Every structure is written in C-alpha cells, then in structure tokens.
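Asker: Sequence plus the predicted model coming up.
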Amino acid sequence: MFAKLASATAFRGAARTFATRAGPAVRASRAPLVLAAGAAVAGVSLYAQPAVQLEASAEAAARPTSIAGTFSTPSERSFIMIKPDGVSRQIVGKIIQRFEERGYKLVAIKSVQPSDALAREHYTDLSQKPFFEALIKYLTAGTPVVAMVWEGKDVIRQGRNMVGATNPLAALPGSIRGDYAVSVGRNIIHASDGFESATKEIGLWFDEKEIASYTPAAWDQIMADN
C-alpha cells in the first residue's frame, strides 16, 4: 500500500515539475515513511522524464524552410565560398577547420571554375557598382573557387561573424578576413548574409541531391540547449 501511494505521489509531483501550467497541490502524507519513499521515487521519475519541448509548435511551423534548411534551428544552412585568392594561397583547409571546430557540419563542397553567367548571377546585387566587371573577371580568370554549404544553429549569422567585415582592414583579429586578408578586392571568402540570400545562393551553386544528410558523432551534444 505504501509503495502504491509513494509511486502515485511521485508521478503527480514529477508531472507538475515538467508541465507548462501547475496542477493542484498534492496533500502531504502524514506518514514519514511514505514521504521518504515518495522522495526517492520522485528523484528517479524526474530523471526518467523526456526532454520538454518549450517552443510552441505554431512558432516552429512559422519559421521559413527552403534548401537552406529551417531558419533558426540546427538544420539552418549557409553558403560559404572561398574565393580564388583563398584557393591560390592554399588556406582552404584552415578555413574549413575553423567551421568544423566551431561545431558546424559540412553538408556540401565542390571546386568550381565559375562561368561568366554564374558569377554575374551570384553577384547580381552588385551589378551597378563600379568594380563589378573587375570582380567578374577576377572570379572567372581560371582559378577555381571552393563552394560549400555549412549547417547548424545560427550558422548564417555566426558564419558572417567568423568571416569578418567586408573590408579586411576593418575586420576584427580572429576573424578569417582579419587574420588572412588586407585588401577588400582580395578578401578571401564570401558568406550568405541572410536566410533569403542563403536560399538563393545554395540553390544557384548546388542541386538539392548534392547536399548530404548525416549526423556527426557529437552533433546532438554540440547543438543541445541544456
């Protein structure tokens, strides 16, 4: 009888702990033995409970989803491109290492010699800038670029932080441009600046079937919030 009462008390106590709204208070037992047994069972019950999903399903469903994954989740993706100067200087491995060490997942990579059309489409937002033609010539001169897709929590914003300011002279030490570049015309790397641009750029450089789906050994630990 005591065991049954202890289990019921523990179950109700644990349920209130994880519920979003508190239930009615459970009357304390007058038997010290029951209280002690209940506390022990409750301790086990607390650890046995599954993780609680704190965000509303409606909020999660409202997040945009595309070839760039789902925004603001561990499946978010960003397009990262090492430009010809980065390839020529043979620092591709060092740049990849930074993203891997941060905990992000490489889901697509290839070496590409961009065509004139591809380069113009990628940088179409700069088409009215005075340096546009020089930029296209530089990208299509023959040295390849390394196009990549990285995945993980907040990877678009954090990727931009890791890359650093467009002008390397304004980039913070520790950022890729801050450590490896001094000229805005040879600033090593490109990173998507938002979910919309990530969607466009990933779709421009990659087919969906080229993007891998896998789970690294420590992925759940790296992406966990608690």
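Answerer: That came in fine, so what should we check first? Predicted model, so just to flag it, every value in this text is computed and none were measured. Residues are numbered from 1 along each chain as shown.
Asker: for the protein, what spans make up the helices?
Answerer: Under the criterion DSSP state H, the chain carries helices at the ranges 2-18, 32-48, 57-62, 84-88, 92-102, 116-122, 132-139, 155-163, 176-180, 195-205, 219-223.
Asker: Just the buried residues of the fourth one, please?
Answerer: Right, helix 84-88. Residues of helix 84-88 classed as buried by neighbour count (16 or more other Cβ atoms under 10 Å): 84-87. Glycine gets a C-beta too; all of them are placed from N, C-alpha and C.
Asker: distance between that helix and the chain's centre?
Answerer: In terms of Cα atoms, centre = their mean, to the nearest Å, the gap separating the centre of helix 84-88 from the centre of its chain is 25 Å.
Asker: roughly how far apart are Glu210 and Val149?
Answerer: Distance, Glu210 to Val149, by Cβ to Cβ, to the nearest Å: 8 Å.
Asker: er, Tyr104 actually
Answerer: As for Tyr104, its distance to Val149 is 10 Å (criterion: Cβ to Cβ).
Asker: do Phe195 as well
Answerer: Here the criterion is Cβ to Cβ. By it, Phe195 lies 13 Å from Val149.
Asker: Tell me which of the two has more neighbours.
Answerer: Val149 (27 against 22; other Cβ atoms under 10 Å).
Asker: In the chain, where is pLDDT below threshold?
Answerer: Along the chain, the model assigns pLDDT under 70 to residues 1-62.
Asker: repeat that for 50
Answerer: Using pLDDT under 50 as the threshold, the predicted model of the chain has low-confidence ranges 1-57.
Asker: In contact with the nearest residue to Ala141 once chain neighbours are set aside, which residues?
Answerer: Distances taken as Cβ to Cβ, 6 or more residues apart in numbering put Pro84 closest to Ala141, at 6.8 Å, once the chain neighbours are dropped. Counting by Cβ atoms under 8 Å, 6 or more residues apart in numbering, Pro84 touches 138-139, 141, 143-145.
Asker: which one of those residues sits closest to Ser183?
Answerer: Nearest to Ser183 among those is Tyr138, at 11.5 Å by Cβ to Cβ.
Asker: Please determine how far that closest one is located from Ala117.
Answerer: Using Cβ to Cβ, Tyr138 is found at 16 Å from Ala117.
Asker: Give me the more crowded residue out of these two.
Answerer: Here Tyr138 and Ala117 are compared on neighbour count by other Cβ under 10 Å; more neighbours surround Tyr138, at 16 against 10.
Asker: how near is the residue nearest to the more buried one when sequence neighbours are not counted to Ala134?
Answerer: In this structure, Tyr138 finds its nearest non-sequential neighbour in Pro84, 6.6 Å apart by Cβ to Cβ, 6+ apart. Spatial separation of Pro84 from Ala134 under the definition Cβ to Cβ is 13 Å.
Asker: How about Ala217?
Answerer: 44 Å.
Asker: partners of the closest residue to Ile109 other than its chain neighbours in the sheet?
Answerer: Nearest in space to Ile109, with sequence neighbours left out and distances taken as Cβ to Cβ, 6+ apart, is Met148 at 4.7 Å. Legend: beta-bridge partners of Met148 under DSSP bridges are Ile80, Ile109.
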